[in-house]
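> Here's a sequence, model it:
(one chain, ligands or ions: 3)
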Amino acid sequence: MRALVWRGVHQLAVTQVPDPELRNEQDMIVRVRKSATCGSDLHLLGGHLPFPARGDVLGHEFLGEVVEVGPRVRRHRVGDRVVVCSVVSCGRCWHCGRQEFSLCDNGGAGESGDLTPGGRYGHAHGPGGFAGSHAEYVRVPYADQGAFTVPDGVTDERALFASDAAPTGWMGADLGGVRPGDVVAVWGAGGVGQLAARAAVLLGAERVVVIDRLADRLRMAERHLGVETLDPETQEVAGELRERSGGRGPDVCIEAAGAAPPGGGPRRRRDRLGHLLRPEPDRPVAAHEAVRHCRKGGSVFLLGTYAGAVDGFPLGAVVDKGLTLRGAQQHGRRYIPMLLERMARGELVTEHLATHTMPLDEAPRGYDTFTNRRDGCVRAVFEPGR
Ligand SMILES: NC(=O)c1ccc[n+]([C@@H]2O[C@H](COP(=O)([O-])OP(=O)(O)OC[C@H]3O[C@@H](n4cnc5c(N)ncnc54)[C@H](O)[C@@H]3O)[C@@H](O)[C@H]2O)c1
Ligand SMILES: [Zn+2]
Ligand SMILES: [Zn+2]
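Ligands and ions are numbered 1, 2, ... in the order given. Prediction:
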């Protein structure tokens, strides 16, 4: 089959790879209809996360059609249209029992002990070793747990984001503790930040403010999500946030920006050469700001991807301000059925995120557009069947 593979730092190619096969009784094979780029991929492309290896298939946000099921798959049949959670979980271990699906003991089985989170597609040399979805076919392990039948009436374009961006954003608002009447600030207006903001609205927040330097993304958030925005290039974030929250600061601050600023320019070139010699510590600018601007006694939830060590983080402020600081990889299974219902009712609209849709063969161009934030790109979506 054809697939998008990593060939080296910022080097991608669509090439021929072996077809996936059923390996376990709970596996199924899905023919991919749509597979999207995600901010997490930027860390992989640049070689910042546990290093991908030459030939690894990328991609983890996807939707498709079941073409083969293992003997112990109960909930799916050949022909079903399914969206698949980007994080792999078994549904039966201690953590899955607590709905902490991204901490599954078996999703990332066999890797480096207690710190290992569950597995994820497209991180073939990360936990679990699962090939990615920028391909014609994907093997879906624990298929009854990870795949969800898309209700009739929900388009592929909308349901696709129930795989990753929507459950991640929802988790940030939910576990960040958004309550009716709250003022919520979200750093990052990518797919994840936009859907965190929408989740906060649906959970009853009175005001939701999305912060980003990309003006086209802010306009998109205003138009499609009914939220307010702040652009640090032209507005003073500290004063504005205080002003919009009765002088106290936001009750809940959600960071959906990640560490080093992705995209072109000299900084990326330095990273590109620098990581070969010595990995740089993460630069969690947005997380830092969230801690700084959150109200006393408020809650900060980190969704961004961090490779590891962080220096200069304002831990003193976390303690002095009595903040609750949390983070997680998305616990998809906990939210996806509810998100699909909301999509069916029209409460949760996501298709505007798919700004650039193209055949899989053009995926390297799609990543270039996405990585460099060209032409208003929020997510590039690849269609292997086109
Ligand atoms: N926790 C999870 O399970 C999970 C799942 C998906 C993505 N992620 C992570 O969430 C983050 C967002 O994902 P995405 O797909 O929306 O990424 P994206 O790269 O499309 O968007 C990130 C946005 O953050 C903005 N940004 C960067 N620094 C900022 C700052 N200091 N202040 C305000 N905005 C800033 C960028 O301009 C960009 O618009 C990434 O770090 C990604 O790795 C985590
Ligand atoms: Zn992702
Ligand atoms: Zn589990």
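> what about the helices in this protein?
39-45, 94-97, 143-146, 156-159, 165-175, 191-202, 215-225, 237-243, 266-277, 285-293, 315-320, 336-345, 363-371 (DSSP state H).
> Tell me which of these approaches ligand 1 most closely.
The closest of those to ligand 1 is helix 39-45. By C-beta to the nearest ligand atom, the value is 2.1 Å. Every residue, glycine included, has its C-beta placed from N, CA and C.
> For the residue in the stretch 101-250 of the chain that ligand 3 sits nearest to, give me the pLDDT.
Per C-beta to the ion, the residue of the stretch 101-250 of the chain with the smallest distance to ligand 3 is C104, at 3.2 Å. Reading off the confidence values, C104 has pLDDT 92.
> returning to what we had before: any chance of the helices of the chain in TSV, plus distance to A3 and mean pLDDT?
TSV is the format used below for the helices of the chain (distance: least, C-beta to C-beta, whole Å; pLDDT from 0 to 100):
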stretch	distance to A3	mean pLDDT
helix 39-45	14	88
helix 94-97	29	95
helix 143-146	19	97
helix 156-159	20	98
helix 165-175	22	98
helix 191-202	22	98
helix 215-225	29	97
helix 237-243	41	98
helix 266-277	24	43
helix 285-293	32	96
helix 315-320	42	96
helix 336-345	25	98
helix 363-371	9	97
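> can you put those in JSON lines and add distance to ligand 1 and mean neighbour count?
Converted to JSON lines, the helices of the chain look like this (distance: least, C-beta to the nearest ligand atom, whole Å; neighbours: other C-beta atoms under 10 Å):
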{"stretch": "helix 39-45", "distance to ligand 1": "2", "mean neighbour count": "24"}
{"stretch": "helix 94-97", "distance to ligand 1": "15", "mean neighbour count": "16"}
{"stretch": "helix 143-146", "distance to ligand 1": "14", "mean neighbour count": "23"}
{"stretch": "helix 156-159", "distance to ligand 1": "17", "mean neighbour count": "22"}
{"stretch": "helix 165-175", "distance to ligand 1": "4", "mean neighbour count": "27"}
{"stretch": "helix 191-202", "distance to ligand 1": "4", "mean neighbour count": "28"}
{"stretch": "helix 215-225", "distance to ligand 1": "5", "mean neighbour count": "17"}
{"stretch": "helix 237-243", "distance to ligand 1": "8", "mean neighbour count": "15"}
{"stretch": "helix 266-277", "distance to ligand 1": "12", "mean neighbour count": "12"}
{"stretch": "helix 285-293", "distance to ligand 1": "4", "mean neighbour count": "22"}
{"stretch": "helix 315-320", "distance to ligand 1": "16", "mean neighbour count": "12"}
{"stretch": "helix 336-345", "distance to ligand 1": "13", "mean neighbour count": "18"}
{"stretch": "helix 363-371", "distance to ligand 1": "7", "mean neighbour count": "20"}
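> Let me have those in JSON lines, adding distance to A256 as columns.
Shown next, in JSON lines, are those (distance: least, C-beta to C-beta, whole Å):
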{"stretch": "helix 39-45", "distance to A256": "8"}
{"stretch": "helix 94-97", "distance to A256": "23"}
{"stretch": "helix 143-146", "distance to A256": "23"}
{"stretch": "helix 156-159", "distance to A256": "20"}
{"stretch": "helix 165-175", "distance to A256": "7"}
{"stretch": "helix 191-202", "distance to A256": "4"}
{"stretch": "helix 215-225", "distance to A256": "11"}
{"stretch": "helix 237-243", "distance to A256": "15"}
{"stretch": "helix 266-277", "distance to A256": "20"}
{"stretch": "helix 285-293", "distance to A256": "8"}
{"stretch": "helix 315-320", "distance to A256": "19"}
{"stretch": "helix 336-345", "distance to A256": "16"}
{"stretch": "helix 363-371", "distance to A256": "16"}
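> rewinding a little: show me the contacts for the residue of the stretch 101-250 of the chain closest to ligand 3.
87-90, 93, 95-96, 118-119 (C-beta atoms under 8 Å, 6 or more residues apart in numbering).
> cool, T37 as well?
Here T37 is in contact with 59, 61, 366-367, 370, 379-381 (criterion: C-beta under 8 Å, 6+ apart).
> quick one: which of the contacts of C104 is nearest to G188?
V87 (19.4 Å; C-beta to C-beta).
> didn't that closest one look like it was pressed against Y335?
No: here V87 lies out of contact with Y335, judged by C-beta atoms under 8 Å, at a distance of 11.4 Å.
> between these two, which one's more packed in?
V87 (29 against 23; other C-beta atoms under 10 Å).
> beta partners of that one?
Beta-bridge pairing for V87 (DSSP bridges): R120.
> If I look at it, what pLDDT would I see?
95.
> Could you do the one 3 residues further on as well?
With respect to pLDDT, C90 scores 93.
> Tell me how many other residues crowd it.
Neighbour tally, C90, other C-beta under 10 Å: 20.
> Contact partners for the closest residue to it other than its chain neighbours?
Using C-beta to C-beta, 6 or more residues apart in numbering and skipping residues adjacent in sequence, the residue nearest C90 is N106, 3.8 Å away. N106 makes contacts with 89-90, 92-93, 118, 142, as judged by C-beta under 8 Å, 6+ apart.
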